[in-house]
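S.K.: Okay, here's the prediction I keep looking at, along with the sequence it came from:
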Amino acid sequence: MQELTHYINGAHVKGQSGRFADVFNPATGEVQAKLPLANAEELALAVQIASDAQIGWAATNPQRRARVLMKFVDLLNRDMDKLAEALSREHGKTIPDAKGDVQRGLEVVEYCIGAPQMLKGEFTDGAGPGIDMYSMRQPLGVSAGITPFNFPAMIPMWMFAPAIACGNAFILKPSERAPSVPLMLVELLEEAGLPKGVLQVVNGDKEAVDAILDHPVIQSVGFVGSTPIAEYIYGRGCSNGKRVQCFGGAKNHMIVMPDADMDQAADALIGAGYGAAGERCMAISVAVPVGDETADRLIEKLVPRIEKLKVGPYTAGNDVDYGPVVTAAAKEKILGLINSGVEQGAELVVDGRDFQLQGYEDGFFVGPHLFDKVTPDMDIYKQEIFGPVLSTVRAETYEEALKLAMDHEMGNGTAIFTRDGDTARDFAHRINIGMVGINVPIPVPLAYHTFGGWKKSAFGDLNQHGPDAFKFYTRTKTVTSRWPSGLKEGGEFHFKAMD
Ligand code: NAD
């Protein structure tokens, strides 16, 4: 059995705590590795090393730091196949999805190569007699990030790329379920020239997370994962005086207006609802057709598409639409919620509960499900299912559909499908949700915009990547200076005449 490691001070390091987590291959259900779970002492050692390494790294000019990231991009492209395979083996997503995961992280790294431009301060010449004023963006020191299982490459890169571009050292605590790719990423960054200790990986569970939240040297904490943990980390991190940003769960609604292109809407729902087995924070899990006629047309288009979906292991090649969910516990939770939907009176139009894949009976596969006539009081509507399950809530009017999405406690992403520009504009302006698609089902902003939800989907002031990341990972210092040569008698400006 493979025993995974931490990555501390430029080397793979065995765990000392004696506690381990099982890492599964979700397609076969087998345990493929053991992951050490760090204790507070192991975390403290990494913080000490990070703190020492950060001094030299912050003193390295931004352009040199950016060059390391440039080289890192080349290495990510070189090792794309290897990274995708390792990612699919632990996560279960298809190889094209795994490559997309690496690619979206890579794009954030590319954006961070612009650090010299982004870190330029502001300057006011002659704010008073002989007085100039300037501001600079300085690194925070040691930052930490705690990441979820569903994007093991992209989300760590969302955090550590801007953090190190800004001159911080970074400690990453990845998900216990998909830890191999983060370990590969730190090795690649050091191959690209990152000094050891600037990025380290400490594997662990709540014990390591609490040690991060309580360590006085760590200045900032980024988190992405489920909402209850996001709230917990935000509260404890802030009360310990850290800068914290936490991104939580989702329940993304897609409103389908009667004038929408129904084939386009159905295709979009298949990709956004069932892609990556629904394990995306930007997955659409609720379809809201406006009017019964629209609902009937939509369901009619969806059913044959869902029945054609191919569920299988990533090793089966490119025609697999989605793979297993991440653990047996995740599968059990999803099936439990589906049963609750049936008990609470929703109509299960496509029932995947008996789905079995020959040769992979112990894998964590879940067949696709479609519910119709779901109501807002049902658990399948209120909770995030995070599986291949699409719920249809019928609305009579656009206003009712809008209110439904607005009243849900989650506010990560949403979409509207319509041909009417006025309705689309109204929706984009009024909806209280952070990321909005107009005829785009998964409106994930590109690296140079920012990513973040509203309501219970995000805690903190700044979003991920884009210009916000440079604000989150730096603090501003403003200097006011006065030099006597700028003063003339009487306090007016003058410029020395050239001799
Ligand atoms: P999770 O909350 O279970 O775990 C996330 C991280 O928190 C992991 O590193 C884990 O070790 C740690 N953790 C778990 N329990 C903890 C505890 N009790 N105390 C301290 N730390 C703890 O989430 P997950 O299952 O890995 O990921 C899926 C969730 O992430 C979904 O809710 C999904 O919507 C959300 N997500 C959100 C975004 C976003 O940008 N909003 C992006 C991706 C995923």
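M.R.: On my side now, so go ahead. As the structure is a prediction and not an experimental result, all values here were calculated from the model.

S.K.: Tell me how far Asn339 lies from the ligand.
M.R.: 21 Å (C-beta to the nearest ligand atom, to the nearest Å). Using the backbone N, CA and C atoms, a C-beta is placed for each residue, glycine as well.

S.K.: So what's the residue count around the closest residue to that residue other than its chain neighbours?
M.R.: Distances taken as C-beta to C-beta, 6 or more residues apart in numbering put Arg353 closest to Asn339, at 7.9 Å, once the chain neighbours are dropped. When counting by other C-beta atoms under 10 Å, one arrives at 13 neighbours for Arg353.

S.K.: Closest residue of the stretch 51-200 of the chain to the ligand?
M.R.: For the stretch 51-200 of the chain, the residue closest to the ligand is Pro148, as judged by C-beta to the nearest ligand atom, at 3.1 Å.

S.K.: mind listing what that residue touches?
M.R.: For Pro148, the contacting residues are Ile155, Ser175, Val224, Gly225, Ser226, by C-beta atoms under 8 Å, 6 or more residues apart in numbering.

S.K.: most neighbours, which of the residues you listed?
M.R.: Going by other C-beta under 10 Å, Ile155 tops these with 30 neighbours.

S.K.: Now for that one: which residues touch it?
M.R.: Here Ile155 is in contact with Gly105, Thr147, Pro148, Val224 (C-beta under 8 Å, 6+ apart).

S.K.: Tell me who's in contact with the residue nearest to the residue of the stretch 51-200 of the chain closest to the ligand when sequence neighbours are not counted.
M.R.: Excluding its sequence neighbours, the residue lying closest to Pro148 (C-beta to C-beta, 6+ apart) is Gly225, at 4.2 Å. The neighbours of Gly225, taking C-beta under 8 Å, 6+ apart as the test, are Ile146, Thr147, Pro148, Ser175, Phe247, Gly248.

S.K.: what two of the residues you listed are the furthest from one another?
M.R.: Spatially, the most separated pair among the contacts of Gly225 is Ser175 and Gly248, at 14.8 Å (C-beta to C-beta).

S.K.: Next to the ligand in this structure, residues from the stretch 151-300 of the chain, please.
M.R.: Applying C-beta under 6 Å from any ligand atom, we find that the stretch 151-300 of the chain lies next to the ligand at 151, 173, 175-176, 205-206, 209, 224-226, 229, 247-250, 281.

S.K.: If any of those residues are buried, put those into a PyMOL selection.
M.R.: To isolate the buried ones among these in PyMOL, judged by 16 or more other C-beta atoms under 10 Å, type:
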select buried, resi 151+173+175+176+209+224+225+226+229+247+248+249+250+281
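
S.K.: Mind checking what secondary structure the residue most central in space within the chain has?
M.R.: In the chain, the residue lying closest to the centroid (C-alpha atoms, centre = their mean) is Ile155, at 4.4 Å. At Ile155, secondary structure determined by DSSP: H, G, I helix; E, B strand; the rest coil is helix.

S.K.: contacting residues around stretch 79-88?
M.R.: Counting by C-beta under 8 Å, 6+ apart, 76, 93-95, 97-99, 101-103, 152-153, 178, 180-181, 184-185, 188, 314, 323 sit against stretch 79-88.

S.K.: The residue nearest to Pro148 and Gln117, how far apart?
M.R.: Separation of Gly225 from Gln117 (C-beta to C-beta, to the nearest Å) stands at 32 Å.

S.K.: Quick one: end-to-end distance for stretch 280-299.
M.R.: One end of stretch 280-299 sits 23 Å from the other (C-alpha to C-alpha, to the nearest Å).

S.K.: ok, now stretch 371-390?
M.R.: 6 Å.

S.K.: Run the chain-centre distance for that stretch.
M.R.: Centre-to-centre, stretch 371-390 and its host chain are 22 Å apart (C-alpha atoms, centre = their mean, to the nearest Å).

S.K.: Show me which residues of that stretch are buried.
M.R.: 371-374, 378, 380-381, 384-390.

S.K.: which among these are in contact with the ligand?
M.R.: Among the buried residues of stretch 371-390, the ligand is touched by Glu384, Phe386 when using C-beta under 6 Å from any ligand atom.

S.K.: Which one of the buried residues of stretch 371-390 is nearest to Ala268?
M.R.: Closest to Ala268, out of all of the buried residues of stretch 371-390 and judged by C-beta to C-beta, is Leu390, at 11.4 Å.

S.K.: Pretty sure Asp132 sits against Phe123.
M.R.: Yes: using C-beta atoms under 8 Å, Asp132 is in contact with Phe123, at 7.0 Å.

S.K.: More neighbours: those two, which one.
M.R.: Asp132 (16 against 12).

S.K.: residue contacts, that one?
M.R.: Phe123, Thr124, Asp125, Gly126, Thr480, Ser481, Trp483.

S.K.: Find out how far stretch 415-425 is from the centre of the chain, if you would.
M.R.: Distance, centroid of stretch 415-425 to centroid of chain: 27 Å (C-alpha atoms, centre = their mean).

S.K.: Let the chain start at 394 from now.
M.R.: Understood, numbering begins at 394; the last thing we discussed is stretch 808-818.

S.K.: Identify each buried residue in it, please.
M.R.: Residues Ala808, Ile809, Phe810, Thr811, Thr816, Ala817 are the ones in stretch 808-818 that count as buried (16+ other C-beta under 10 Å).

S.K.: and those residues, which two are the farthest apart?
M.R.: Ala808 and Thr816 (12.7 Å).

S.K.: rewinding a little: can you put the contacts of Asp525 in JSON lines and add pLDDT?
M.R.: Formatted as JSON lines, the contacts of Asp525 follow (pLDDT from 0 to 100):
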{"residue": "Phe516", "pLDDT": "97"}
{"residue": "Thr517", "pLDDT": "97"}
{"residue": "Asp518", "pLDDT": "94"}
{"residue": "Gly519", "pLDDT": "92"}
{"residue": "Thr873", "pLDDT": "97"}
{"residue": "Ser874", "pLDDT": "96"}
{"residue": "Trp876", "pLDDT": "88"}
